[in-house]
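Colleague: task: produce atomic coordinates for the following.
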Amino acid sequence: MRFNHRFGSVNVKLFDPFFTLYLLVWIAVKISRYYDFSIGIVNGYLTDFLAVPAMSHLGSYLISVFYFKQNYYTYPISYSLLSAVVLSALLEGIMPLFSTQYTADFVDVVCYFSGALFYEYIHKFYLKKRYAI
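Modeller: Residues are numbered from 1 along each chain as shown. From the prediction side, this is the model:
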C-alpha cells in the first residue's frame with residue numbers, strides 16, 4: 001500500500017514530519033509503558049496533546065485520497081475542536097465511570113484543545129505551505 005498519492009502536480013504524503021513525530025512519540029510511550037519506564041510529562045500529557053493533530057492529519061489524508069481525489073483537503077478548525085470535545089467527553093467524562101483504567105483529568109482536556117490549536121496553526125500551516133492550499 002502506498003502512503004503518498006499524486007493529485008495533479010501535488011504529491012500528498014501521509015508521513016510528513018509532524019505525523020511521523022506523532023507516531024514516534026506514541027511508539028516511545030507504548031514501549032516505555034511496556035517496560036514500566038516512565039517518561040514523565042511525555043507519558044502523561046504529550047500523547048493527549050498529539051491525539052487530535054494525529055487524527056486530524058490522518059482523516060484529512062484519507063478524505064483527500066478517497067473522496068476528493070483531486071485536491072488535498074484539510075479540516076476546518078471546527079472539526080478539530082469537535083474532535084477535542086468528543087475525546088474529552090468520552091475519555092475524561094464517560095469512560096472513567098465504567099473503567100478504572102481511565103481517570104478524569106482536566107489537564108488532558110486542555111491538552112486535547114491545545115493539540116487542536118497546534119494542528120490548526122502549526123501543522124496545517126506547514127501543509128498549506130507545502131501543498132499551496
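Colleague: so who does the most centrally placed residue in the chain touch?
Modeller: What sits nearest the mean C-alpha location of the chain, by C-alpha atoms, centre = their mean, is residue 54, with 1.8 Å. By C-beta atoms under 8 Å, 6 or more residues apart in numbering, residue 54 lies in contact with 19, 22-23, 26. In short, each C-beta sits where N, CA and C put it, glycine included.
Colleague: 6 Å - rerun?
Modeller: Residue 54 is in contact with residue 22, counting by C-beta atoms under 6 Å, 6 or more residues apart in numbering.
Colleague: show me what counts as buried in the strand or helix carrying it.
Modeller: Using DSSP states H and E, residue 54 sits within helix 47-63. Neighbour-count burial for helix 47-63, counted by 16 or more other C-beta atoms under 10 Å, picks out 47-57, 59-61.
Colleague: roughly how far does the residue nearest to residue 92 when sequence neighbours are not counted sit from residue 110?
Modeller: By the measure of C-beta to C-beta, 6 or more residues apart in numbering, the closest residue to residue 92 outside its immediate chain neighbours is residue 104, 4.9 Å from it. Distance, residue 104 to residue 110, by C-beta to C-beta, to the nearest Å: 13 Å.
Colleague: so, low pLDDT: which residues of this structure?
Modeller: 1-11, 70, 133 (pLDDT under 70).
Colleague: before we move on, the earlier item: who are the packing partners of whatever helix or strand comes next after the helix holding residue 54?
Modeller: Note on helix 47-63: by DSSP H and E, the next helix or strand toward the C-terminus is helix 77-87. Applying 3 or more C-beta pairs under 6 Å, 6 or more residues apart in numbering; DSSP states H and E, one finds that helix 77-87 makes contact with helix 47-63, helix 106-118.
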